[in-house]
Every structure is written in structure tokens, then in C-alpha cells.
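**Q** give the three-dimensional model of this entry:
(4 chains)
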Protein chains: 2
Amino acid sequence: MVAVANSTAAILIQKLSGAGGLSDAEQDGLRGLPVAVRTVAARQDILRDGDATGSCCILLDGWTCCYQMLNGGRRPILAIHVPGDLPDLQSLHLPEPDFGMVALTPATLGFVPHAAVRRLMEAFPNLAAAFWREALILAAIQRAWMAGLSRRDARGRLAHLCCELYLRLSSTGRTDGPAMPMPLRQHDLADALGLTPVHVNRTLKDLRDAGLISLHGRRLEILDWLGLRLAAEFDDQYLHLNSAEHAFA
Amino acid sequence: MVAVANSTAAILIQKLSGAGGLSDAEQDGLRGLPVAVRTVAARQDILRDGDATGSCCILLDGWTCCYQMLNGGRRPILAIHVPGDLPDLQSLHLPEPDFGMVALTPATLGFVPHAAVRRLMEAFPNLAAAFWREALILAAIQRAWMAGLSRRDARGRLAHLCCELYLRLSSTGRTDGPAMPMPLRQHDLADALGLTPVHVNRTLKDLRDAGLISLHGRRLEILDWLGLRLAAEFDDQYLHLNSAEHAFA
DNA sequence: CGCTGGCTTGATAAAGTTCAAACGGGGTGG
DNA sequence: CCACCCCGTTTGAACTTTATCAAGCCAGCG
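**A** Model prediction:
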């Protein structure tokens, strides 16, 4: 366990800098956090439902997701995380997680002990607010998913997820023009969208045939942003992105 | 706007007392909060999507819910709140709500200015943690709903909601043995469960015929707790209730 | 070159939706 | 006090979306 490495600190500082930015002291506080960096292979569990860890993590590289296991092998995916996300801030105050977390790609995570985070938050109310803000944005994303699961059809859900992931990824500079990596297999998409893999396949074909996206070899390209937004009834406000800078803005 | 009235303080203190309880200073801090109490009629909007309020609220009496409006009159319900809940802590750090909030029954709410809450949280880290905890429990409830919307059928979703609401209400002492008030109309249930009202009706009949519940005149009685839990695959851990005391425990 | 994991397609079934109509009960006005 | 009305509930029948089951395909890799 070493003090946050340069790159890690940079990611954390970028993530937590809101409109006002962070003071030097706050940035130093973040740089001083003890962190254990861990690399996991794709499909490997990071956190299992029920085991308390004593630290919370920041996703430094790769994608992860949270899921819940139900009887019969059903495995709803509750959240997808991209680099910079803080997926389990909740462990700070609810030590027993009600979900599991698994890597969707090879991933690198930084684990910071709860005690250190708590100290930091008490010393810097502004940082505490920034952490809150991150947690609340993830909750807002959850709400958007709920609304989709509840009241959108397969097409709308899939289109919405594409829009969301594109913008979230774009804000970390990991898109490539209108294209982005798409590590989720159709089976994962199905678990995230509340559909069957077969139906995801058909719905993807539907969006492809409509000229909205193309998806080949783990690469998703958005061919018609406006059309996709329309199909998704997508409004990016809930993501609370600092910069609305992306290829279509 | 007056200092928190006795009953309001009591509700807040009860809600925020975790395992360790609260110190006298912390309790006094809560009692000193300025609060504007407001009563709203059933079906009346409390918060409209997009309007910032500058204060966050505690539900003192009655039921409310949060929803999102989509095109075509679709109105997914994202959360149901019962007395004692703090439905919009998120407004502290994300001033523009991404949802609306409406009363399901005549309801009484206390509104506390953000500034006062922030001061309190900075002065008492223990209270800050308690507020966090509440917000995180509501997020856990959201996750449970998501899992249901994603991977449970109508019967499982409805049964799960009954279990959840019964326990949440029970923890506030508002159940009556195996029975509880059930102010949601079938139309509301449909919006909460991602179904049509017609199908909710049929699913209710299904649970009734199975001898699990009875529902008449806004009163829900649980006839077979074990059977209902089984139908719902219900595990109450995610609710993080202090006391597991209820009629069936 | 043959396996394996994931993708694609087809046929059939089930769960849930839609449309439509009737029912019921509590509250109001005549 | 009765009749009516309104809102929510209940039921029926036809229809759509999505699930299920099953087989074939394709590409990367040992």
C-alpha cells in the first residue's frame, strides 16, 4: 500500500473537481491517500455479495459491473462502471454490500481504507461534498435505468444505454470520435437491460438496420446520434457531466 | 419557519439513531434545525422535475413517491416513501432533481434549508454519517427494485413490494398486526412495478387466490408471510432495519 | 483443423398489453 | 332518502412483445 500514485491522484482529482475545482490542500489530501492498487482479470469477482472489505475503491482502468444473484441463475446487472467511477462509496456507511461486483474487462482498481476516506471527508467538507456528489450521480443513473426497465421497450432501453455509456466514456476521453469500446457481451447487455440474450441480439439488429449504430468486435460506433437519442428519449441532464464536450455536441 | 417541533425532532432522532445512538449534543443539533412544516393533499405535487428548492425534506406523515415522466404519459415510480424517510437528500449536492415527487396520501413534510443541514453535518461527523446511511439505504432499495424490474415476473415483483413495504412501515410502528394501510391504487402499483394496471389487478387476484394476502379498501393484510416471502424471494437485509421486530418475526 | 464461446436465426410458447365493457361503492345533489 | 355519478376495480378477448427451445454459424485459438 503506497500513497496514491500520480496517475491515480490525477484521476481522482479530475473526478472530484466540480464547477469550483479543488484547492491545493484538498488536492494534496487526495494525493496523500493510502491506496492499494489491484489488477483483476476479465470476468473475475472483485467483491462478493456480503463480504465487507474495510476499504472502498476507485476504478482506474477497465470496466466493472455490480449485480445481484437471484435463484435460477438470474443475474440482474445493477450498474456499469467506467474508469474514474467510485462504485462502492456505500461501503463507507453500509459495510455489508447487497451486491457483487465483477470485472467486465481486465481492470485496475485502487482500494482506499475507509478510515482514510473518512478522515479526509471530515478535514475537507468540500471533498466530502464531492464524494457525495459522485455517489448521488450514480444513484441518478440507477434511477434512469429503473425508469427504462419499468416503462421502455427493448429498443428504447438499448438505445438509452448506448447513449449513456457513450457520454460517460466520452467524459473520460475514452471515446474515439463516434466510436467506443463495448466490452459487454450480448449476455451482459441482457442482464443489464432485463431482456434475454436472444432478444438483445434481435434488438441490436433492429438498431443496426435502422442505421443508428454499428457493433462489431467489441467496438460500438454511433452512426446517427440524433436518431439514437430520439429512439432512447435520451436527456443527458441526469449524468451531471461537467463538460458536454463530445463528438456530437 | 420554526425550530423543529418536538414530534419532528423525535422522528428525525429515531431515524438517525443507528446502533450507537446519538449524543445529547447531536440530538440538540437536530432539535435546533429550522424547519418549515407543510401539509399537502393526496395527489398533490411536492417537487416538480427540475425545480431547485434550497431545502431538503423529511416525510413526517403520509406516503409520497418519486417518479419520472416519459413521453406518452408513462410515469415510472422510482421510490415510495413512508414516514421518517428523507426522500431528497440528494438535493443537497445535486440541486436540480431528475424526478418529481407527489403525495400518495395527505402528507406532512418538514423542509430544512440546505445550509442548516450542511452546517450540522460539518459540526457532527456522526450525524453526517447517519444522513449518508439513510441515503444509501434508499439507494439499496432502488437496487432491489431494479433487480425485480429486470428479472422478476409480475407475481414476484408484487410480492416483493408487499414484503418491503410491510417491513418498512412496521419499523415505524404503523402496521396493525399482519395488516397495514395500502394507499397505492392499482394504477400506482402498476407504475411502481413496471406493469399495466390490468395486469396488476390480475396478479393481485393471483396472490389473493393463493391465500398470501388480502387487499380491500386501502388495507393490505398479509395472510401468509412465509409464502409471500417465498414468492418474492425476499431477504430483508437490504433494508438495514435496526429492529427486526414485526408481527411475523 | 477442429473446439469453443459467442452470435445469429427460426419456430413456438408464455407473459403481459391493449381495448372494451361492466361492476361496485362511497359521496353528492335533488 | 334515493338516485346518480364518478373513480377505481374487475373481467373478457384479441393481440404484441418478449421468452424459450433449438439449431446453425462464425471467428479466434490451441
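
**Q** ok, what's across the strand from the residue nearest the centre of chain A?
**A** Nearest to the mean C-alpha position of chain A, by Cα atoms, centre = their mean, lies A:H81 at 2.2 Å. On the basis of DSSP bridges, A:H81 is bridged to A:T64.

**Q** my guess is A:P97 meets A:C56, correct?
**A** No - counting by Cβ atoms under 8 Å, A:P97 stays clear of A:C56, with 10.3 Å between them. C-betas here are computed from N, CA, C, even on glycine.

**Q** which neighbours do these two have in common?
**A** Residues touching both A:P97 and A:C56 comprise A:88, A:91, with contact defined as Cβ atoms under 8 Å, 6 or more residues apart in numbering or on different chains.

**Q** where does A:A79 sit, in terms of helix or strand?
**A** Taking DSSP states H and E as the criterion, the element that holds A:A79 is strand A:77-81.

**Q** ok, the helix or strand that that strand is followed by near chain B or not?
**A** From strand A:77-81 onward toward the C-terminus, using DSSP H and E, the following helix or strand is strand A:100-103. No - judged by Cβ under 8 Å from any Cβ of the partner chain, strand A:100-103 and chain B are separated, with a smallest distance of 11.7 Å.

**Q** what's next to strand A:100-103, contact-wise?
**A** In contact with strand A:100-103 (Cβ under 8 Å, 6+ apart) are residues A:40-49, A:62-69, A:87-88.

**Q** that one near DNA strand C at all?
**A** No - Strand A:100-103 stays clear of DNA strand C (Cβ under 7 Å from any atom of the strand), getting no nearer than 12.7 Å.

**Q** can you give the domain ranges for chain A?
**A** Chain A breaks down by automatic domain parsing into domains covering A:2-135, A:153-239.

**Q** and the last one, how far from the chain's centre?
**A** In other words, domain A:153-239. The chain centre lies 14 Å from the centre of domain A:153-239; the measure is Cα atoms, centre = their mean, to the nearest Å.

**Q** name the residues that touch stretch A:140-149?
**A** Residues contacting stretch A:140-149 (Cβ under 8 Å, 6+ apart): A:78-79, A:156-157, A:160-161, A:164, A:192-194, A:238-240, B:68, B:70, B:76, B:78, B:90, B:94, B:98-99, B:139, B:142-143, B:145-146, B:149-150, B:194.

**Q** where exactly do the strands run in chain A?
**A** A:2-3, A:34-40, A:45-47, A:55-61, A:64-67, A:77-81, A:100-103, A:107-113, A:179-181, A:213-216, A:219-222 (DSSP state E).

**Q** neighbouring strands for the third one, and are they parallel or not?
**A** With DSSP bridges as the criterion, the sheet partners recorded for strand A:45-47 are strand A:100-103 (antiparallel).

**Q** rewinding a little: just the buried ones from the contacts of strand A:100-103?
**A** Buried members of these, counted by 16 or more other Cβ atoms under 10 Å in any protein chain shown: A:40, A:46-47, A:49, A:62-68, A:87-88.

**Q** which of these sits closest to B:G217?
**A** When those are compared for distance to B:G217 (Cβ to Cβ), A:Q68 wins out at 34.9 Å.

**Q** was I right about that closest one contacting A:P76?
**A** Yes - with contact defined as Cβ under 8 Å, A:Q68 reaches A:P76; the gap is 5.6 Å.

**Q** let's see the pLDDT reported for the closest residue to A:I222 other than its chain neighbours.
**A** Leaving aside its chain neighbours, A:I222 sits nearest to A:P178 (4.8 Å; criterion: Cβ to Cβ, 6 or more residues apart in numbering or on different chains). Note for A:P178: predicted pLDDT of 97.

**Q** next one: A:T8
**A** Looking at A:T8, its pLDDT stands at 85.

**Q** which one is it nearest to, not counting chain neighbours?
**A** In this structure, A:T8 finds its nearest non-sequential neighbour in A:G110, 5.2 Å apart by Cβ to Cβ, 6+ apart.

**Q** and A:N6, how far from DNA strand D?
**A** A:N6 is 32 Å from DNA strand D, where distance means Cβ to the nearest atom of the strand, to the nearest Å.

**Q** how near is that residue to chain B?
**A** Using Cβ to the nearest Cβ, to the nearest Å, we find A:N6 at a distance of 28 Å from chain B.

**Q** just A:P181 next, same as before
**A** Using Cβ to the nearest Cβ, we find A:P181 at a distance of 24 Å from chain B.

**Q** before we move on, the earlier item: looking at the strands of chain A, which has the lowest confidence?
**A** Taking the mean pLDDT of the strands of chain A, strand A:2-3 comes last: a mean of 56.

**Q** what residues does chain A have near DNA strand C?
**A** A:185-187, A:197-198, A:201-202, A:204-205.

**Q** which one of those sits in the busiest neighbourhood?
**A** Compared across those, A:L204 has the highest neighbour count, 20 neighbours, by other Cβ atoms under 10 Å in any protein chain shown.

**Q** beta-bridge partners for A:M101, please?
**A** A:L47, A:C66.

**Q** do the same with A:G110
**A** Counting by DSSP bridges, the residues bridging with A:G110 are A:V37, A:I58.

**Q** burial count for it?
**A** 24.

**Q** re earlier: which one of the strands of chain A lies nearest to A:I13?
**A** strand A:55-61 (11.3 Å).
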